[in-house]
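Engineer: fold the following for me, if possible:
(one chain, ligands or ions: 1)
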Amino acid sequence: MKNSLALACVLLFAFCFVDVHALDNGLAKAPPMGWNSWNKFGCDVSEKLIKEMADAMVTSGMRDAGYIYLVIDDCWQIDRDAQGNIMPDPKRFPSGMKALAEYIHSKGLKFGLYSDAGTLTCQKRPGSRGYEFQDARQYAAWDVDYLKYDWCSTSTQNAPASYSIMRDALLKAGRPIVFSICEWGTSKPWLWAKDVGNLWRTTGDIQDCWDCKRDWGGMGVVHILDLQDGLESYAGPGHWNDPDMLEVGNGGLTITENRSHFSLWAMLSAPLMAGNDLRTMSPEVKEILTNREVIAVDQDPLGLQGRRVKRNGDQEVWSKQLADGGRAVVIFNRGAKAAEISVSWTDIGYPPHLSANVRDLWSHKDLGKLTGPFSTEVPSHGVVMVTIRP
Ligand code: GAL
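Structural biologist: Numbers count the residues shown, from 1 in each chain. This is a model prediction of the structure:
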C-alpha cells in the first residue's frame with residue numbers, strides 16, 4: 001500500500017510538473033509562409049479585411065505558391081469578459097473568431113492570431129500574462145493554427161520562462177499551433193528558443209525602407225540583414241531565425257530592392273510572411289512574391305540557413321547549401337552604381353575546377369555548365385540569384 005502510494009505520487013509529480021520540456025509540435029519543418037496584417041494595416045484590422053485577404057491569397061496565386069498562414073496581428077482583441085475570456089472587438093469582428101477561422105480554412109488556408117507575454121500588447125490591448133492556459137484553450141477552441149507572441153509590457157519578466165509558459169499552454173490545449181516568438185532578439189532567443197518556439201524574431205521591427213533607422217529600434221532591410229550574420233547555426237527544421245516580415249510591395253522599396261529583400265530572406269531560410277495589400281498588388285510585386293524558384297530556396301528541405309561568404313566593400317556573396325548538394329547563391333551589390341561581381345567556386349565550398357550548372361532564378365534561364373568563377377553585372381541595390389549544381 002505504502003509502495004503503491006509512493007509510486008502514485010511519483011507518477012503524479014511526473015505528469016503534473018515535468019510533463020513538457022520541449023516544443024516538439026512537429027510543425028514548421030520548413031519556414032512558415034503566409035500573410036500578416038501588421039506591416040500594411042497596423043491596427044486597422046477587421047473581419048471584412050481578413051476575408052478579402054483570404055480571397056486574394058487564393059486568386060493571386062499566393063496560396064498555391066505556399067503562403068498558407070493568414071495571421072491577424074495586434075488590435076483584434078478589445079477586453080476580457082467577467083470570466084477572463086479574451087474578447088475580439090465586436091465592431092470589427094462581429095461574427096467572432098470561430099466563424100472567421102472557418103472561412104479561412106474553407107479557402108485552404110490556416111488561421112493565426114497575435115498576443116503578448118505581458119499584461120498589455122504593444123497597442124495596449126489585453127496581453128496573456130496570467131491567462132496563458134485560458135487563452136491557449138480559447139485559441140484551440142477557435143481553431144487557431146498559429147500564434148505570434150509579443151514582448152510589450154513585460155516589466156521584469158524572464159523571457160525563456162514567459163515563453164515556456166505559453167508553449168506549455170499551447171501543447172496542453174491539444175491543437176497543433178505554430179508558436180512564433182517575438183521578443184525582438186532582446187535576450188538572444190537563438191540561444192534558448194529552439195525548444196520553446198518554432199521561430200523567433202532576431203531584431204526590432206522591419207521598416208518599409210532600404211537603410212533607414214528609427215530611434216525606437218525599427219530599421220530598414222540592410223540593417224536587419226547585417227544582424228543575421230552569425231546566427232546561421234541556430235536555425236533548422238522546426239526552429240527558425242525570424243528577421244521579421246516582408247515589406248515587399250509596400251511602396252518604400254524600388255522593384256530592384258524588393259527583389260533583393262525577397263532573395264536575401266530566402267537565403268536566410270526566413271519565414272516568408274507577406275505584409276502588403278494582396279488585393280491591389282502590381283504584377284511586378286506578385287511576380288516577386290510568387291517566384292517559385294526563389295521560394296524553393298527558402299523552403300529547401302535541408303533547412304540550412306545561408307550565410308555571407310564574401311564581403312568586399314559594397315559587394316557581397318551569400319551562399320546556401322541545398323538538399324541536393326547544390327548551392328543557392330546571391331550576389332549582392334549594396335553600392336550606388338552597377339558593378340561586375342564574381343564568385344569563385346571556392347567561395348561556396350566547391351573545388352575550383354568543378355564543372356557545375358548555373359541557373360538564374362530571376363530570369364529563369366540556364367546559364368550553362370561552368371567551372372567558375374562566375375562573373376555578372378549586378379545593379380545598384382540589386383542581386384543576381386543563381387543555383388550552382390555540380
Ligand atoms: C511589435 C512587433 C510587430 C507588431 C507590433 C504590434 O512589437 O514587433 O511585429 O506585432 O508589435 O503592436
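Engineer: show me the contacts for Asp64.
Structural biologist: Taking C-beta atoms under 8 Å, 6 or more residues apart in numbering, we find Asp64 in contact with Val58. (Each C-beta comes from the backbone N, C-alpha and C, glycine too.)
Engineer: that one should be in a helix, yeah?
Structural biologist: Yes: the assignment for Asp64, made by DSSP: H, G, I helix; E, B strand; the rest coil, places it in a helix.
Engineer: tell me the pLDDT at it?
Structural biologist: Here the pLDDT value assigned to Asp64 is 98.
Engineer: what about it, distance to the ligand?
Structural biologist: Between Asp64 and the ligand the distance, using C-beta to the nearest ligand atom, to the nearest Å, works out to 26 Å.
Engineer: give the pairing partners of whichever strand or helix holds Arg359; include direction for each.
Structural biologist: Taking DSSP states H and E as the criterion, Arg359 maps to strand 356-360. Sheet pairing here is set by DSSP bridges, and for strand 356-360 it gives strand 365-370 (antiparallel), strand 383-389 (antiparallel).
Engineer: show me how far the longest one is from its chain's centre.
Structural biologist: When you say that, I think you mean strand 383-389. Here the centre of strand 383-389 is set off from its chain's centre by 23 Å, with C-alpha atoms, centre = their mean, to the nearest Å.
Engineer: buried set for stretch 92-109?
Structural biologist: Neighbour-count burial for stretch 92-109, counted by 16 or more other C-beta atoms under 10 Å, picks out Arg92, Phe93, Met97, Leu100, Ala101, Tyr103, Ile104, Leu109.
Engineer: what does it rub up against?
Structural biologist: Residues lying outside stretch 92-109 but in contact with it, judged by C-beta under 8 Å, 6+ apart, are 34, 45-47, 50-51, 54-55, 57-58, 63, 68-70, 76, 88, 110-111, 113, 141-144.
Engineer: for the buried ones among those, write the corresponding ChimeraX selection.
Structural biologist: Filtering the contacts of stretch 92-109 down to the buried ones (16+ other C-beta under 10 Å) takes a single ChimeraX command:
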select :34,45,46,47,50,51,54,57,63,68,69,70,76,88,110,111,113,142,143,144
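Engineer: out of the buried residues of stretch 92-109, which are inside helices?
Structural biologist: With helices defined by DSSP state H, the entries of the buried residues of stretch 92-109 inside them are Met97, Leu100, Ala101, Tyr103, Ile104.
Engineer: gap between Pro88 and the ligand?
Structural biologist: Relative to the ligand, Pro88 is positioned 16 Å away (criterion: C-beta to the nearest ligand atom).
Engineer: quick one: low-confidence ranges for the chain?
Structural biologist: Within the chain, the ranges that satisfy pLDDT under 70 run 1-21.
Engineer: what about 50?
Structural biologist: Counting by pLDDT under 50, the chain shows low-confidence ranges at 1, 9-20.
Engineer: phi, psi for the spatially most central residue of it please.
Structural biologist: A centroid search over the chain (C-alpha atoms, centre = their mean) returns Pro271, at 2.6 Å, as the residue closest to the centre. Recorded main-chain torsions at Pro271 are phi -60, psi 130, according to degrees, to the nearest 10.
Engineer: wouldn't it be in contact with Pro32 here?
Structural biologist: Yes: if you go by C-beta atoms under 8 Å, Pro271 and Pro32 touch, sitting 4.7 Å apart.
Engineer: which residues do those two both contact?
Structural biologist: Taking C-beta under 8 Å, 6+ apart as the contact criterion, the common neighbours of Pro271 and Pro32 are Ser180, Leu199, Trp240.
Engineer: which of these has the most neighbours?
Structural biologist: Of all the shared contacts of Pro271 and Pro32, Trp240 has the most neighbours under the rule other C-beta atoms under 10 Å, reaching 28 neighbours.
Engineer: how about the helices in the chain?
Structural biologist: With helices called from DSSP H, the chain shows them at 2-17, 38-41, 47-59, 62-65, 96-106, 132-141, 159-173, 221-226, 255-267, 283-289, 292-298.
Engineer: select, out of the ones you listed, the one closest to Ile206.
Structural biologist: Go through the helices of the chain one by one with C-beta to C-beta and the one that ends up closest to Ile206 is helix 221-226, at 5.7 Å.
Engineer: residues contacting Ser233?
Structural biologist: Ser233 is in contact with Gln305, counting by C-beta under 8 Å, 6+ apart.
Engineer: I'd like to know how far the residue nearest to Ala30 when sequence neighbours are not counted sits from Val317.
Structural biologist: The spatially closest residue to Ala30, leaving aside those adjacent along the chain, is Gln299, at 4.4 Å (C-beta to C-beta, 6 or more residues apart in numbering). Gln299 is 22 Å from Val317, where distance means C-beta to C-beta, to the nearest Å.
Engineer: okay, those two: which has more neighbours?
Structural biologist: In terms of neighbours (other C-beta under 10 Å), Val317 is the more surrounded of Gln299 and Val317; the figures are 21 against 17.
Engineer: beta partners of the more buried one?
Structural biologist: The residues listed as beta-bridge partners of Val317 by DSSP bridges are Lys310, Ile331.
Engineer: that one reaches Arg327, doesn't it?
Structural biologist: No: distance between Val317 and Arg327: 10.4 Å, which falls outside the contact criterion (C-beta under 8 Å).
Engineer: joint contacts of those two?
Structural biologist: By the contact definition C-beta under 8 Å, 6+ apart, Val317 and Arg327 are jointly contacted by Ile348.
Engineer: which positions in the stretch 51-200 of the chain make contact with the ligand?
Structural biologist: Proximity of the stretch 51-200 of the chain to the ligand is confined to Asp73, Asp74, Thr121, Cys122, Gln123, Asp150, Cys152, Cys182 under the rule C-beta under 6 Å from any ligand atom.
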